[in-house]
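1. Structure for this input, please:
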Amino acid sequence: MLDALPHFIFYKDRESNYLGCNQSFAKVAGLNKPEEVSGKTDHDLAWKKEEAEFFRLVDAKVMASGQEEVGIIEPQLQADGKEAWLETSKIPLRDEENNIIGILGFYADITEKRAHEASLQQAKRLEAIGRLAGGVAHDFNNLIGGIMGAAELLKSRTEQSIESRLLAEILLATDRASRLTSQLLSFSRQGQILKKVVNIHDALENVKVLLSRALPTQTQLDVRLESDAPFVLADGAELELALLNLCLNARDSMPQGGNISISTTDEPGNSASSQLGYVKLTVSDDGEGIASEHLPHIFEPFFTTKEAGAGTGLGLASVKGAVENLGGSIQVRSRNPQGTTFTLLMPKTSGRFHSDTQELSASANAPAGKLLLVEDDDLLRATTQEHLQNWGYEVYAASRAEEAWEYFMQHRNELSFALIDIVLPGVPGTALRRNLLAAGADFQILLTSGFPKKNRLDDSDPLPNDGVFFLPKPFTSEELHKSLLRASALHQAKLRAL
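-> Numbering: from 1, shown residues only. Prediction:
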């Protein structure tokens, strides 16, 4: 009868010696059958010494007080080496004269339940951190954009080599800060994913340029590019950031220097969804390696083994996110202290690759005209306005949607463009865009934000996936110019088709 019950059941005498149990209990205790438990103590079974002492302590408490103990959460090392968590209840056993002669105990294995609850709690914590990270990234992107714009304007007017170098350092710092906010947004799942055909070899060349400043002289970089068709459908900036993070991770594992090897090869497909095969990319180092106890956690957000202040814990988490965003997978092999190898498998695409230069060649001399700029950040609005004016645009700058609407109503036939921030005080930029289109605006509208949303602007306003109508912050003057030219060329093509 006891064996048919779903719980683990046992009973002991007044000295906490076992009198019997069911088959489930016997199995985890390391016994072949229930009868073998008779006369044994907890110290004779599979549990740890401290666990056995705790079990007996609770037995003594129940028998001394005559009161049951219910819902005790306790660990247990089982005979197969498994670490389990139990929810145990114990009640005193009494004879016919009501004397306590032992205890009856039963418990359930709640290991999976605790793991599930821990996962839910972790998900809630990460969701809260993600919301915070997204909000911080939004405000930070506005600040970076203003600093970047001001530094670019000053650099274009500075001839002295020292001042020019200092401004270049400022721009480099803003670029690093921008990459950090990209990691935050990627982690919070609020980053803008703009997929296009990317040549992985070109992405690696861009990473090599960045690494030339970041790697110490005693660290050697060996790059072997052997893939015949290294084209994938990805967000180019996100992919470059992932590759850079892998290389910087390798650098940090070799404080005394060493070798970093990057290679690409072609891998055949193994299913209908990967008929074109994969680009296999490996990043290897001969550094310290990763301790075996850390390997299961290295892709977790904010997990880091570096000293305080030396790492954010977002690097490898963002790498994994970037690879999964393009439908790929990542594996790691590491032996301490024999180095680490990360292997990325990324599905190839048959899409046509073209560079920004090719894309813009037909519209490089697109007319400027009158532009409506709507941006609530004072510094970013001022620097963006000056860049636009330098390119020949006549700019009206507004800080709120209501102000922009009044200008539109008075000059609707004169405007050729609108650059609108999504997050504005009062009426948001998405609502302003809808109102402009509903009122018959026949000019192109480019939206921008430091807090981009993935694939959609809001519930009723879908964001095109080609990125023509949206520019995430912070942006360089070159990125802004290219976006304006792309949007202008598309708008002109639509007008010609009418």
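
2. all strands for the stretch 151-300 of the chain, in order.
-> 196-199, 219-225, 231-234, 258-267, 278-285 (DSSP state E, counting those that start in this stretch).

3. Could you list the paired strands of the first one along with their orientation?
-> On the basis of DSSP bridges, the sheet neighbours of strand 196-199 come out as strand 231-234 (antiparallel).

4. Can I get the strand it pairs with as CSV, trimmed to CA atoms?
-> The C-alpha trace of strand 231-234 is given here as CSV (Å, rounded to 0.1, in the frame of the first residue of the first chain):
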residue,chain,number,x,y,z
PHE,A,231,26.7,36.1,-46.9
VAL,A,232,24.1,36.1,-44.1
LEU,A,233,20.9,38.0,-43.4
ALA,A,234,21.7,40.0,-40.3
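
5. Buried residues in that strand, which are they?
-> 231-234 (16 or more other C-beta atoms under 10 Å). (Each C-beta comes from the backbone N, C-alpha and C, glycine too.)

6. What of stretch 108-117?
-> So, applying 16+ other C-beta under 10 Å, buried residues of stretch 108-117: 109-111.

7. Among these, name the ones in strands.
-> Asp109 (DSSP state E).

8. which residue of the chain sits farthest from its center?
-> Most distant from the centre of the chain: Glu97, at 65.8 Å, with distances by C-alpha atoms, centre = their mean.

9. which secondary structure element contains Glu394?
-> strand 393-398 (DSSP states H and E).

10. What helices and strands are in contact with that strand?
-> Strand 393-398 sits against strand 369-374, helix 378-390, helix 401-411, with contacts defined as 3 or more C-beta pairs under 8 Å, 6 or more residues apart in numbering; DSSP states H and E.

11. Tell me how many other residues surround Gly20.
-> 15 (other C-beta atoms under 10 Å).

12. So for it, what's the nearest residue that isn't a sequence neighbour?
-> Tyr11 (5.7 Å; C-beta to C-beta, 6 or more residues apart in numbering).

13. where does the one you found sit relative to Ala4, distance-wise?
-> 17 Å (C-beta to C-beta, to the nearest Å).

14. and these two? which has more neighbours close in?
-> Tyr11 (18 against 7).

15. check contacts around that one.
-> 18-21, 93, 102-105 (C-beta atoms under 8 Å, 6 or more residues apart in numbering).

16. did I read that right, it in a strand?
-> Yes - under DSSP: H, G, I helix; E, B strand; the rest coil, Tyr11 falls within a strand.

17. picking up where we left off before, of all the strands of the stretch 151-300 of the chain, which one comes closest to Asp442?
-> When those are compared by C-beta to C-beta, strand 196-199 sits nearest Asp442, at 27.6 Å.

18. Excluding residues flanking it in the chain, which one is nearest Gln220?
-> Nearest to Gln220 is Asn259, by C-beta to C-beta, 6+ apart, at 5.0 Å.

19. Show me where the stretch 351-498 of the chain has its helices.
-> 356-360, 378-390, 401-411, 429-438, 477-497 (DSSP state H, counting those that start in this stretch).

20. Break this protein down into its structural domains.
-> 2-109, 197-352, 356-497 (automatic domain parsing).

21. Tabulate those in JSON lines, adding columns for mean pLDDT and distance to His116.
-> Formatted as JSON lines, those follow (pLDDT from 0 to 100; distance: least, C-beta to C-beta, whole Å):
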{"stretch": "domain 2-109", "mean pLDDT": "93", "distance to His116": "12"}
{"stretch": "domain 197-352", "mean pLDDT": "84", "distance to His116": "17"}
{"stretch": "domain 356-497", "mean pLDDT": "78", "distance to His116": "27"}
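
22. so which of these gets nearest Leu154?
-> Closest among the domains of the chain, using C-beta to C-beta: domain 356-497, at 10.0 Å.

23. for that closest one, the distance to its chain's centre please.
-> 29 Å (C-alpha atoms, centre = their mean, to the nearest Å).

24. same thing with stretch 29-39?
-> That offset, for stretch 29-39, works out to 50 Å (C-alpha atoms, centre = their mean).

25. And for Gly426, the neighbour number?
-> Using other C-beta under 10 Å: Gly426 sits among 11 other residues.

26. OK, contacts around it?
-> 400-402.

27. Just the closest of those residues to Thr343, please.
-> Ala401 (48.7 Å).

28. right, and the closest one touches Gly429 too?
-> Yes - if you go by C-beta atoms under 8 Å, Ala401 and Gly429 touch, sitting 6.8 Å apart.

29. list the residues that contact both of these two?
-> Common neighbours of Ala401 and Gly429, using C-beta under 8 Å, 6+ apart, are Val374.

30. Quick one: residues contacting the closest residue to Ile73 other than its chain neighbours.
-> Of all residues not flanking Ile73 in the chain, Glu87 sits nearest, at 5.9 Å (C-beta to C-beta, 6+ apart). Glu87 makes contacts with 71-73, 107-108, 110, as judged by C-beta under 8 Å, 6+ apart.

31. Same check on Gly287?
-> 250, 253-254, 258, 337, 339-340.

32. Could you check how far it is from Thr341?
-> 11 Å.

33. Ok, Leu480 next?
-> 39 Å.

34. tell me which of the contacts of Glu87 is nearest to Ala439?
-> Closest to Ala439, out of all of the contacts of Glu87 and judged by C-beta to C-beta, is Ile110, at 61.4 Å.

35. That closest one contacts Trp85, doesn't it?
-> Yes - counting by C-beta under 8 Å, Ile110 touches Trp85, with 5.3 Å between them.

36. got any residues that touch both of those two?
-> Ile73.

37. which of Leu480 and Thr341 has more neighbours?
-> Between Leu480 and Thr341, counting by other C-beta under 10 Å, Leu480 is the more crowded of the two (20 against 15).

38. List the buried residues for the longest strand along the chain?
-> Longest strand in the chain, counting residues (DSSP E): strand 83-94. Buried residues in strand 83-94, defined by neighbour count with 16+ other C-beta under 10 Å: 84-93.

39. Kindly export that strand (C-alpha atoms) in PDB.
-> Taking Å, rounded to 0.1, in the frame of the first residue of the first chain, the C-alpha atoms of strand 83-94 are listed here in PDB:
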ATOM      1  CA  GLU A  83      21.100  16.900  -5.200                       C
ATOM      2  CA  ALA A  84      17.400  17.100  -4.500                       C
ATOM      3  CA  TRP A  85      15.100  19.500  -2.600                       C
ATOM      4  CA  LEU A  86      12.400  18.100  -0.400                       C
ATOM      5  CA  GLU A  87       9.200  19.300   1.200                       C
ATOM      6  CA  THR A  88       9.000  17.200   4.300                       C
ATOM      7  CA  SER A  89       6.400  16.700   7.000                       C
ATOM      8  CA  LYS A  90       6.800  14.800  10.200                       C
ATOM      9  CA  ILE A  91       4.200  13.800  12.900                       C
ATOM     10  CA  PRO A  92       4.700  12.000  16.200                       C
ATOM     11  CA  LEU A  93       3.800   8.300  16.400                       C
ATOM     12  CA  ARG A  94       1.900   7.400  19.600                       C
END
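
40. any idea how far that strand is from the chain center?
-> Counting by C-alpha atoms, centre = their mean, strand 83-94 comes out at 42 Å from the chain centroid.

41. For it, which strands pair with it and how are they oriented?
-> strand 69-77 (antiparallel), strand 100-109 (antiparallel).
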